[in-house]
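Peer 1: Next input, structure requested:
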Amino acid sequence: MSSENHLKFSNSVVFMPLFVILSIWTVFWVEIKFNINLNEFGIEPRSIKGLRGVLFSPFIHGSVEHLYNNTIPLATLTAAIFYFYNKDAGKVLFFGVLFSGLLTWFIGRPSYHIGASGVIYVLVSFIFFKGIFARHYRLIALSLAMVFLYGSMIWYIFPIKEGISWEGHLSGFLVGLILALVFKTKLEIDKRYSWERDDYNEEEDEFLKYFDEDGNFIESVDPPINEVKINYHFKEKKDREEG
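Peer 2: Numbers count the residues shown, from 1 in each chain. Predicted structure coming up:
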């Protein structure tokens, strides 16, 4: 990915987070409006019926608090991945949802696993490890920001609190790491001016020949740079006689 396309703002940076957040809030509104419970559309481990939750579970939340706690991180991380990794962002989201859901289905406890927290762990893990692997100063700074903002989330990939799908968190974390290894981010080396290169020789710089050591302009330089000489040729007019 060239530097022109990398770290470039696009409409997806705004619209994708809005689409994701509106989707999960709309599903929750439908549940409240029509007094229905969609939990059975979550991931039910090792059940054929439960496989539908691989795609549906990120949109289903058990309470307003659950929904609210996932809204801000999901919006922030979605915007970040579409800004910093626009080329691969859609694929990371799709495969992140798919594989983290399948892994949760395989290792999860017998219960309905719902919520977008698994996707959040995919994004946090991908952004953190991709920045480290890319070794680009801006992406490393983003990785450090992930540690500062979401570092405490690491504890919830372990079964430390009842009622939380730590299996979904662990699955998202592992899938994000794998995707960071799979998707290659090509960064163009920053362009540098001639005087910033290691092989720069000040004495050979044509422009600097017009200035002395103190930076004062030298009126005449011998020989002049790119001197253009114009030579005029004259032909004497002679009278001619015709018979």
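Peer 1: Beyond the worst-scoring helix or strand of the chain on mean pLDDT, next helix or strand please.
Peer 2: Here the helix or strand of the chain ranked lowest by mean pLDDT, DSSP states H and E is helix 137-150, holding a mean of 85. As assigned by DSSP states H and E, the chain's next helix or strand after helix 137-150 is helix 166-182.
Peer 1: and that following helix, what's its mean pLDDT?
Peer 2: Confidence for helix 166-182, expressed as mean pLDDT, is 96.
Peer 1: same thing with stretch 115-131?
Peer 2: Stretch 115-131 carries an average pLDDT of 95.
Peer 1: can I get the CA coordinates of it in PDB?
Peer 2: The C-alpha trace of stretch 115-131 is given here as PDB (Å, rounded to 0.1, in the frame of the first residue of the first chain):
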ATOM      1  CA  GLY A 115     -22.900  -9.100  21.900                       C
ATOM      2  CA  ALA A 116     -20.300  -7.300  19.800                       C
ATOM      3  CA  SER A 117     -17.500  -7.600  22.400                       C
ATOM      4  CA  GLY A 118     -15.900 -10.500  20.400                       C
ATOM      5  CA  VAL A 119     -15.600  -8.100  17.400                       C
ATOM      6  CA  ILE A 120     -14.100  -5.400  19.600                       C
ATOM      7  CA  TYR A 121     -11.400  -7.900  20.700                       C
ATOM      8  CA  VAL A 122     -10.700  -8.700  17.100                       C
ATOM      9  CA  LEU A 123     -10.200  -5.000  16.300                       C
ATOM     10  CA  VAL A 124      -8.100  -4.300  19.400                       C
ATOM     11  CA  SER A 125      -5.900  -7.300  18.800                       C
ATOM     12  CA  PHE A 126      -5.500  -6.600  15.100                       C
ATOM     13  CA  ILE A 127      -4.600  -2.900  15.400                       C
ATOM     14  CA  PHE A 128      -2.200  -3.600  18.300                       C
ATOM     15  CA  PHE A 129      -0.200  -6.400  16.700                       C
ATOM     16  CA  LYS A 130      -0.400  -5.000  13.100                       C
ATOM     17  CA  GLY A 131       1.300  -1.800  14.300                       C
END
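Peer 1: Mind listing what's buried along that stretch?
Peer 2: 115-131 (16 or more other CB atoms under 10 Å). Heads up, the C-betas are built off the backbone N, CA and C, glycines and all.
Peer 1: elements contacting the least confident helix or strand of the chain?
Peer 2: Using 3 or more CB pairs under 8 Å, 6 or more residues apart in numbering; DSSP states H and E as the contact test, the elements touching helix 137-150 are helix 64-84, helix 117-134.
Peer 1: Relative to V54, which of those is closest?
Peer 2: The minimum distance between V54 and those falls on helix 117-134, with 10.1 Å, by CB to CB.
Peer 1: just the angle between that closest one and helix 166-182, please?
Peer 2: Here the directions of helix 117-134 and helix 166-182 differ by 30 degrees (axes from the mean of the first three to the mean of the last three CA atoms, to 10 degrees).
Peer 1: Mind giving me the packing neighbours of helix 117-134?
Peer 2: So helix 117-134, by 3+ CB pairs under 8 Å, 6+ apart, packs with helix 64-84, helix 86-107, helix 137-150, helix 166-182.
Peer 1: Provide a list of residues in contact with the residue nearest to T71 when sequence neighbours are not counted.
Peer 2: The shortest distance from T71 to any non-neighbouring residue, by CB to CB, 6 or more residues apart in numbering, is to I21 (5.8 Å). The neighbourhood of I21, defined by CB atoms under 8 Å, 6 or more residues apart in numbering, consists of T71, L74, A75.
Peer 1: So the second one sits against V20, correct?
Peer 2: Think L74. Yes - at 6.0 Å, L74 counts as touching V20 under the criterion of CB atoms under 8 Å.
Peer 1: among the helices and strands packed on helix 137-150, which is nearest V14?
Peer 2: Comparing those by CB to CB, helix 64-84 comes nearest, at 7.4 Å.
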